[in-house]
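Participant: Pasted the sequence and its predicted model underneath.
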Amino acid sequence: MFIQGYTVFIPSWWTVGTFFTYYTMIFVCILLFFGWKLIKRTKFVKPEEADLVWDKPVIDAYEASIDPPLGLWEDIWITTLSLLRIKHKKSNKVEA
């Protein structure tokens with residue numbers, strides 16, 4: 001993030017416009033983050049106090065109930081066949 005516009009710091013390439021082009025969003029994001037914290041009065045939570053698994057059983061049950069996603073090329077192939085209105089067999093392969 002900080003090295004994306006490194007050319008700005010080369011002495012012969014310095015311009016104010018390129019500096020703002022590359023680095024304005026960093027400052028905007030910092031201002032928006034702390035503005036949100038102040039306006040909404042949200043607290044900082046320590047990582048060891050954050051509860052990230054309270055809904056894990058529900059998520060695991062949902063993920064177990066859906067079909068696994070297709071691979072990229074299989075998805076492209078099936079989409080192409082369906083656009084051409086060609087029927088295809090669904091494979092029921094079981095991965096170990």
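Facilitator: Cool, got the structure.

Participant: what's the longest helix in this structure?
Facilitator: helix 16-40 (DSSP state H).

Participant: Report the rounded mean pLDDT for it.
Facilitator: Here helix 16-40 scores 91 as its mean pLDDT.

Participant: That helix: which residues count as buried?
Facilitator: Tyr22 (16 or more other C-beta atoms under 10 Å). Backbone N, C-alpha and C define where each C-beta goes, glycine included.

Participant: C-terminal to that helix, what's the next element?
Facilitator: Later in the chain than helix 16-40, the nearest helix or strand by DSSP states H and E is helix 56-65.

Participant: How confident was the prediction at the residue of the chain most remote from its centre?
Facilitator: Most distant from the centre of the chain: Ser12, at 36.3 Å, with distances by C-alpha atoms, centre = their mean. Note on Ser12: pLDDT of 84.

Participant: what's the answer for Asp55, then?
Facilitator: 88.

Participant: Lys43 versus that one, what's the distance?
Facilitator: 20 Å (C-beta to C-beta, to the nearest Å).

Participant: Likewise for Tyr23?
Facilitator: In terms of C-beta to C-beta, Tyr23 sits 29 Å off from Lys43.

Participant: Understood, closing this out.
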